[in-house]
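Trainee: Provided below are the primary sequence and the corresponding predicted coordinates.
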Amino acid sequence: MRDDLDRSISILQGERPGPLAGSGYPQDSADAGSALSETDRTEAILHSARSQRDEVLAALVRIEENTYGRCVDCSGDIPEGRLDARPDAARCVGCQAKRARRR
Ligand SMILES: [Zn+2]
């Protein structure tokens, strides 16, 4: 899972135009506008891939510390069904919902 994410991240970073990309195009052209939103999209995907990788790395640390499968908030067991769906889940369903509401 981590390797997959690493691969996606490096591909996305490669797709991202460098500072010089787009030079030669007038700034106010329609092309510049669509290139910008494309960059924004790539940036958003890159951001979520990076944060997912962080989750996976944290899960790997928990496996090493033998706390994997335990909620980081309430120390309760995370149901196996949840770990099947989200192997990198750090919280039980209840704590995750509480956290999501707080945001
Ligand atoms: Zn919990």
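Mentor: Cool, got the structure.
Trainee: can we go C-alpha only for contacts and neighbour counts from here?
Mentor: Will do.
Trainee: tally of neighbours for residue 91?
Mentor: Per other CA atoms under 10 Å, the neighbour tally for residue 91 reads 23.
Trainee: ok, and the closest non-adjacent residue to it?
Mentor: residue 71 (4.2 Å; CA to CA, 6 or more residues apart in numbering).
Trainee: ok, the one you found to residue 93 distance?
Mentor: Distance check for residue 71 against residue 93: by CA to CA, to the nearest Å, it reads 9 Å.
Trainee: contacting residues around the residue nearest to residue 91?
Mentor: Neighbouring residues of residue 71 by CA atoms under 8 Å, 6 or more residues apart in numbering: 77, 78, 90, 91, 92, 95.
Trainee: between the two ends of stretch 59-76, how far is it?
Mentor: Stretch 59-76 end-to-end distance (CA to CA) = 16 Å.
Trainee: typed the wrong thing, it's stretch 61-73
Mentor: 16 Å.
Trainee: can you list the buried residues in that stretch?
Mentor: Residues 62, 67, 68, 69, 70, 71, 72 are the ones in stretch 61-73 that count as buried (16 or more other CA atoms under 10 Å).
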